[in-house]
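Novice: Structure for this input, please:
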Amino acid sequence: MEIPTTMQAALFTAPHTELQIVTVPVPEPNENQVLVKVAACGVCHGDSVVEDGYFPGSSYPRIPGHEIVGHIVKKGGKVPSNLSLNQLVGVGWHDKHCFNCTTCKKGEFNMCLAGGLSGTGITRDGGYAQYAVVNWEALVIVPEEWASQPAKAAPLLCAGLTVYNGLRKTDIVHGEIVVIQGVGGLGHLAVQYAARLGYYPIALTTSPSKHKGALELGAKEVLTITEDGAYVKRIQQLGGAKVIIATGPDAKGIADLIPALAPGGSLLLASVPSTPISVPAMSLVVGQSKIVGLSSGGPNDAEETLRVSHLVGVQPLIETFPLAKAAEAYKSMMENKVRFRAVILPNA
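Specialist: Below is the predicted model of the structure:
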């Protein structure tokens, strides 16, 4: 395959600027990297840290995008032989790990800090471009079942991975209540995982127009978030939630949900509010409940997410955009107008 010398990309030139479409050189992989021709890249709320410029180690200009699916078109000399040209691979926000620290030895590569904070599309250029360079250890082997659907596989590498990984690492048993706060990019996948893996999903939304869709995705009940807290009382009447997945970055809304936890329940933070969460400590102490941060997952977790998603029939609902409309895709995501996940097709 002939690789061009230049490519189209959407990038932020500095914090608090708008995405611009520019022509830039196709990056050259080093001996431990591969060059991926991007077939699809999901648009995630996490990309906003590039626009806002508050992630440690950020530099500009920066091409965002950390839900990438594409084919290897060039590889460095030290890339393992099981990674071959034309192979379909993916990459999430996880960029690299050291293999030697305690967390790496446990296979928890996404928590490796030995090399410092690093993220695809954040401290390294990402997938809002026709090509992307990726460290080989960050690569996800995309199963054959997703080969014809790269645009649907892409959101599973962050949004799907985050909520699935969170669920599977709790001590919840089949039939117990899982509450999903928000029915958006992460929430619509969380509802599907909870339903298909044998739990009792309850979806929470501020928009009554989303009730029908949430039920179709598998929610057993859909409750509207109201100021009077009736939705919390309803969850308490059912015995409380063993797991609550908070997908919306609303500090007050998250704090309001803590009393809805069942004894021993877990509140999983799948998003990061811009303001601190006020924690009603007595609710946690009396119920021996906990708040857990979700940091997506590593390549091994992502491969499991793809396999399980296919087996149980979890499907992201997406809207696709050409690269030329990357700014529109990003704005629609930030304004919560996408139903439910925007995906850029850079080479379409």
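
Novice: Just the buried residues of the helix or strand hosting residue 285, please?
Specialist: For residue 285, the host element (DSSP states H and E) is helix 281-287. Residues of helix 281-287 classed as buried by neighbour count (16 or more other C-beta atoms under 10 Å): 284, 287. Bear in mind the C-beta positions are built from the backbone N, C-alpha and C, glycine included.

Novice: got it, and stretch 294-307?
Specialist: By 16+ other C-beta under 10 Å, the buried positions in stretch 294-307 come out as 294, 296-299, 301-303, 305-306.

Novice: returning to what we had before: and the contacts of the helix holding residue 285?
Specialist: 240, 258-259, 261-265, 289-291 (C-beta atoms under 8 Å, 6 or more residues apart in numbering).

Novice: Stretch 267-275 too?
Specialist: Residues outside stretch 267-275 that contact it (C-beta under 8 Å, 6+ apart): 45, 162-163, 166, 170, 186, 190, 243-251, 254, 257-258, 261, 289-294.

Novice: Between the two ends of stretch 219-231, how far is it?
Specialist: In stretch 219-231, first residue to last residue: 15 Å (C-alpha to C-alpha, to the nearest Å).

Novice: State the mean pLDDT of that stretch.
Specialist: Averaging pLDDT along stretch 219-231 yields 96.

Novice: that's a helix at residue 160, yeah?
Specialist: Yes: assessed by DSSP: H, G, I helix; E, B strand; the rest coil, residue 160 belongs to a helix.

Novice: ok, it touching residue 189?
Specialist: Yes: under the criterion of C-beta atoms under 8 Å, residue 160 makes contact with residue 189 at 5.0 Å.

Novice: intersection of neighbour lists for the two?
Specialist: 314, 316.

Novice: mind listing the strands in the stretch 1-150 of the chain by residue range?
Specialist: For the stretch 1-150 of the chain, the strands defined by DSSP state E, counting those that start in this stretch occupy 6-11, 20-25, 33-42, 68-75, 88-91, 131-135, 140-141.

Novice: swap in the stretch 151-300 of the chain?
Specialist: Counting by DSSP E, counting those that start in this stretch, the strands of the stretch 151-300 of the chain are 177-181, 200-205, 221-224, 241-246, 261-269, 290-293.

Novice: buried set for stretch 121-131?
Specialist: Here stretch 121-131 shows 121-131 as buried, counting by 16+ other C-beta under 10 Å.

Novice: what helix or strand is residue 303 on?
Specialist: helix 299-312.

Novice: Pull out the CA atoms of that helix and give them to me as PDB.
Specialist: Extracted in PDB, the C-alpha atoms of helix 299-312 (Å, rounded to 0.1, in the frame of the first residue of the first chain):
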ATOM      1  CA  PRO A 299      -5.900  -3.400  25.700                       C
ATOM      2  CA  ASN A 300      -6.700  -6.800  27.300                       C
ATOM      3  CA  ASP A 301      -9.900  -5.300  28.800                       C
ATOM      4  CA  ALA A 302     -10.800  -3.800  25.500                       C
ATOM      5  CA  GLU A 303     -10.500  -7.100  23.600                       C
ATOM      6  CA  GLU A 304     -12.700  -8.700  26.200                       C
ATOM      7  CA  THR A 305     -15.300  -5.900  25.800                       C
ATOM      8  CA  LEU A 306     -15.400  -6.400  22.000                       C
ATOM      9  CA  ARG A 307     -15.800 -10.200  22.300                       C
ATOM     10  CA  VAL A 308     -18.500 -10.000  25.000                       C
ATOM     11  CA  SER A 309     -20.400  -7.200  23.200                       C
ATOM     12  CA  HIS A 310     -20.600  -9.400  20.100                       C
ATOM     13  CA  LEU A 311     -21.700 -12.500  22.100                       C
ATOM     14  CA  VAL A 312     -24.500 -10.800  24.000                       C
END
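
Novice: After that helix, which helix or strand is next? Please name it.
Specialist: strand 318-322.

Novice: and that next one, average pLDDT?
Specialist: 98.

Novice: coming back round to it: pLDDT averaged over the helix holding residue 285 - what is it?
Specialist: 88.

Novice: circling back to that earlier point, could I get the average pLDDT for the helix holding residue 303?
Specialist: Computed over helix 299-312, the average pLDDT equals 96.

Novice: quick one, that helix and strand 68-75 angle?
Specialist: Our comparison of helix 299-312 with strand 68-75, counting by axes from the mean of the first three to the mean of the last three C-alpha atoms, to 10 degrees, yields an angle of 130 degrees.

Novice: Identify the residues contacting helix 299-312?
Specialist: Helix 299-312 has contacts (C-beta under 8 Å, 6+ apart) with 90, 92, 94, 107, 109-110, 137-143, 145-146, 153, 156-157, 160-161, 164-165, 193, 196-197, 297, 314-315.

Novice: Would you mind listing which of those are buried?
Specialist: 90, 92, 94, 109-110, 137-140, 142, 146, 153, 156-157, 160-161, 164-165, 193, 196-197, 297, 314-315.
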